[in-house]
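> predicted coordinates and the sequence they were generated for:
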Amino acid sequence: LELKETHHVDNQTEMSIQYFLDRFYMPRISMRMLIHQHTLLFEQDADKDTPRIGMIDPHCKVKSVIMEAFQNAAYLCEEYYECSPDIEIKGQTLLKNAEGKKVPLELVYPPPISTTSFDCSRTP
């Protein structure tokens, strides 16, 4: 935003900067999340009495998380642009189980599989 305010930035340059930033930060964020998940699961003093699996909450209410993120983003938009978009969440938030009872939808997001393989048996 500061770059746009001080210099003329064409669309191609803006897209190139965004592409670079995405490629720079996303692997670092992913690696930190995996390290944190592993630490929470396998450290000596890990809390075994929590319903969480590491940092994953299997009872997470996805719609509530989306709404909170939207409200935070809308606040920032209001502060900077003096307007913000509305949100409309479409989709099924409850499923019927085998007995026909409605239960919350569970979101499972497996981590991406790395395309790089490491051979730990070899020594340099």
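Structure received.

> quick one, strands of the protein?
Read by DSSP state E, the chain holds these strands, from start to end of the chain: 94-96, 102-104.

> low-scoring stretches of this structure, by residue?
Confidence mapping of the chain against pLDDT under 70 gives the ranges 1, 92-95, 97, 103-124.

> show me the contacts for P51.
By CB atoms under 8 Å, 6 or more residues apart in numbering, the contact list for P51 reads D57, P58, H59. Yep, even glycine has a C-beta here, placed from its N, CA and C like the rest.

> L21 now?
With contacts defined as CB under 8 Å, 6+ apart, L21 has no neighbours.

> from D47, how far off is it?
Distance of L21 to D47, computed by CB to CB, to the nearest Å: 35 Å.

> list the buried residues of the longest helix along the chain.
Secondary structure of the chain per DSSP state H: the longest helix is helix 11-42. Along helix 11-42, the positions that meet the burial threshold by neighbour count (16 or more other CB atoms under 10 Å) are L40.

> just use 51 as the starting number from now, easier for me
All right, first residue 51 from here; so that's helix 61-92.

> how about K54: what's its closest non-neighbour residue?
E64 (7.8 Å; CB to CB, 6 or more residues apart in numbering).

> ok, now E128?
Of all residues apart from its sequence neighbours, S134 sits closest to E128 (CB to CB, 6+ apart), at 5.0 Å.

> burial check on that neighbour, number of neighbours?
The criterion is other CB atoms under 10 Å. On that basis, S134 has 16 neighbouring residues.

> I figured it was touching N122, is that so?
No. Judged on CB atoms under 8 Å, S134 makes no contact with N122 at a distance of 10.7 Å.

> coming back round to it: most neighbours among the contacts of P101, which one?
Neighbour count (other CB under 10 Å) singles out D107 as the most crowded of the contacts of P101, with 13 neighbours.

> would you list the phi and psi of that residue?
phi -100, psi 100 (degrees, to the nearest 10).

> got the contact list for it?
Listed by CB under 8 Å, 6+ apart, the contact partners of D107 are P101.

> any idea how far it is from I139?
According to CB to CB, D107 stands 19 Å off from I139.

> buried stuff in stretch 125-143?
Within stretch 125-143, judged by 16+ other CB under 10 Å, the buried ones are S134.
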